[in-house]
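Asks: Quick one, what's the 3D model for this:
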Amino acid sequence: MNYHWNWGIFFDPNPMGTGTYLDMLLSGLVLTLKTAVLAWIIALVFGSIVGVMRTLPSKAASWFGFCWVEFFRNMPLLVQLFLWFFVLPELLPKSTGTWLKQLPNAPFWTAAIGIGFFMSARVAVQLQAGIGSLPRGQKMAATALGLTTVQGYRYVLLPMAFRIILPPLTSEFLNTIKNTAVAITIGLLELTGQARSMQEFSFQVFEAFTAATLLYLLVNAVVVTAMRFLERYVAIPGYITGK
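Replies: Coordinates of the predicted model:
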């Protein structure tokens, strides 16, 4: 293969005048982490609400949870980002649509919210499964103690369910980090976007994407290690990670 390898390219100044090519990749990594963390917070909040609604006896709540999950889970993430970024501003009143288009860092907010909603459907299903795996006696005990439905979920069911589903939630968080790469299609220069820019500026495609791959692996390894310690700390005897 007639390819000129140049691993020293990372220390060459980039054409954008913001430092070296390595600085470009690191700035993309920071934006990736910011987007992933905000998206994960949105996913946890909305996913928890929807997941609880899917376990309530109310048909209206259960139906809303079902529609939420099926809408966001069954549509490709790329399509959803396009809808939020390109289509939604055109459907809203002109003044609101113009405000959205001119919003500072619009790709960042669109990516975080879009990925957050997409992942919330997966969190909701995981939480529903976690609550469903609990013995029926726990809910009955909460009722016998005089707790309301909200209090029963708050103090009894959710603390147990989240401990049980912590391992799959770790995988979902890793998916959230990786899903940020799709945001390059709406102009977000996260890690993958910066690697692509480096490749276009320097024509060192293998070096750029090798570095991006290693950074993704490093971040995911840190997350997995941290979550393993958390799983052991909150483990419940007799349940999955418990001893």
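
Asks: Please count neighbours and contacts with C-alpha atoms only from this point.
Replies: Fine.

Asks: Now do the same contact list for the most centrally placed residue in the chain.
Replies: Central residue of the chain (Cα atoms, centre = their mean): Thr176, 3.0 Å from the mean position. Neighbouring residues of Thr176 by Cα atoms under 8 Å, 6 or more residues apart in numbering: 36, 39-40, 115, 119.

Asks: possible to save those as TSV with secondary structure and distance to Leu214?
Replies: Listed next are these as TSV, based on DSSP: H, G, I helix; E, B strand; the rest coil; distance: Cα to Cα, whole Å:
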residue	secondary structure	distance to Leu214
Ala36	helix	18
Ala39	helix	22
Trp40	helix	22
Ile115	helix	23
Met119	helix	24
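
Asks: Against Pro93, how distant is the residue nearest to the centre of the chain?
Replies: Relative to Pro93, Thr176 is positioned 31 Å away (criterion: Cα to Cα, to the nearest Å).

Asks: Next: Ala141.
Replies: Distance from Ala141 to Pro93, by Cα to Cα: 51 Å.

Asks: A helix includes the residue nearest to the centre of the chain, no?
Replies: Yes: assessed with DSSP: H, G, I helix; E, B strand; the rest coil, Thr176 lies in a helix.

Asks: Setting the sequence-adjacent residues aside, check what's closest to Gly187.
Replies: Pro107 (6.1 Å; Cα to Cα, 6 or more residues apart in numbering).

Asks: the helices in the chain, which residues?
Replies: For the chain, the helices defined by DSSP state H occupy 21-53, 59-73, 77-82, 88-91, 94-101, 106-132, 136-144, 149-152, 158-164, 166-179, 191-202, 205-234.

Asks: Now do the fourth one: everything it contacts.
Replies: To tie it back to what came earlier, the one meant is helix 88-91. For helix 88-91, the surrounding residues in contact (Cα under 8 Å, 6+ apart) are 96-98, 100-101.

Asks: same check, this time on the fifth one
Replies: Contacts of helix 94-101 from elsewhere in the structure, counted by Cα under 8 Å, 6+ apart, are 88-91, 106.

Asks: Now rank the residues you listed by neighbours and give me the top one.
Replies: Pro89 (18 neighbours; other Cα atoms under 10 Å).

Asks: List only those of the contacts of helix 88-91 flagged as buried.
Replies: Buried by 16 or more other Cα atoms under 10 Å: 97, 100-101, out of those.

Asks: Cross-check the contact I'm expecting between Thr110 and Trp84.
Replies: Yes: counting by Cα atoms under 8 Å, Thr110 touches Trp84, with 6.6 Å between them.

Asks: how many other residues sit next to Ile236?
Replies: By other Cα under 10 Å, the residues close to Ile236 number 15.

Asks: Can you read off the pLDDT for the closest residue to Ile42 other than its chain neighbours?
Replies: In space, and not counting its chain neighbours, Ile42 is closest to Gly116: 5.0 Å by Cα to Cα, 6+ apart. Gly116 is assigned 97 on the pLDDT scale.

Asks: picking that back up, I'd like the buried ones among the contacts of helix 88-91 as a markdown table, with pLDDT and distance to Leu230 appended.
Replies: A markdown table is the format used below for these (pLDDT from 0 to 100; distance: Cα to Cα, whole Å):
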| residue | pLDDT | distance to Leu230 |
| --- | --- | --- |
| Gly97 | 86 | 43 |
| Leu100 | 86 | 39 |
| Lys101 | 82 | 41 |
